[in-house]
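S.K.: Below are the sequence and a predicted model for it; my questions follow.
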Amino acid sequence: QVQLVESGGGLVQAGGSLRLSCAASGRTSRNYVLTWFRQPPGKEREFVAGITWSGGGTYYTDSVKGRFTMSRDNTKNTVYLQMNSLKNEDTAVYYCAASKDISARVDFVDYWGQGTQVTVSS
């Protein structure tokens, strides 16, 4: 079992920044890679970013490239999502996810966090 706890969401004006954190725990947590998904209001959950265990490889959906940066601290078993130049369309519930490999497919995820709300206002 893997437990994922997100933090860092909130309300921010367009153009602003937020940093999300996701702490993973559990006996087998280090067997999984961590990714970020989001679910905008009325829409399906979508992949946002993923990072390899070494941190050397990061992957982003096209709409956030150049604005979002995912990083990890393996000593804390925590990943981060730095979100800059936020836009109204970034408003969503952001979920941390654990899976055996990085994938944009929701059905490849083995564990989900509880989600954290990010609201970007005009």
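M.R.: Looks like it arrived, so ask away. Please read all numbers here as calculations on a predicted model, not as lab measurements. Numbering: from 1, shown residues only.

S.K.: From now on I want contacts and neighbour counts done on CA atoms only, so please keep to that.
M.R.: Will do.

S.K.: Nearest the middle, which residue of this structure would you pick?
M.R.: To find the centre residue of the chain, average its C-alpha atoms and take the closest one (CA atoms, centre = their mean): that gives W36, at 2.4 Å.

S.K.: Does that one belong to a helix, a strand or coil?
M.R.: Remark: W36 carries the secondary structure label strand [criterion: DSSP: H, G, I helix; E, B strand; the rest coil].

S.K.: doesn't C96 make contact with it?
M.R.: Yes - with the criterion set as CA atoms under 8 Å, W36 and C96 qualify as a contacting pair; they are 4.8 Å apart.

S.K.: show me the contacts for S99.
M.R.: Taking CA atoms under 8 Å, 6 or more residues apart in numbering as the definition of contact, the neighbours of S99 are 32-35, 108-111.

S.K.: Show me what it bridges to in the sheet.
M.R.: Each beta-bridge partner of S99 is listed here, defined by DSSP bridges: V33.

S.K.: With A49 instead?
M.R.: Using DSSP bridges, the bridge partners assigned to A49 are W36, Y60.

S.K.: list the contacts for it?
M.R.: If you count contacts by CA under 8 Å, 6+ apart, A49 has them with 35-37, 58-61, 70.

S.K.: Fine by me, we can end here.
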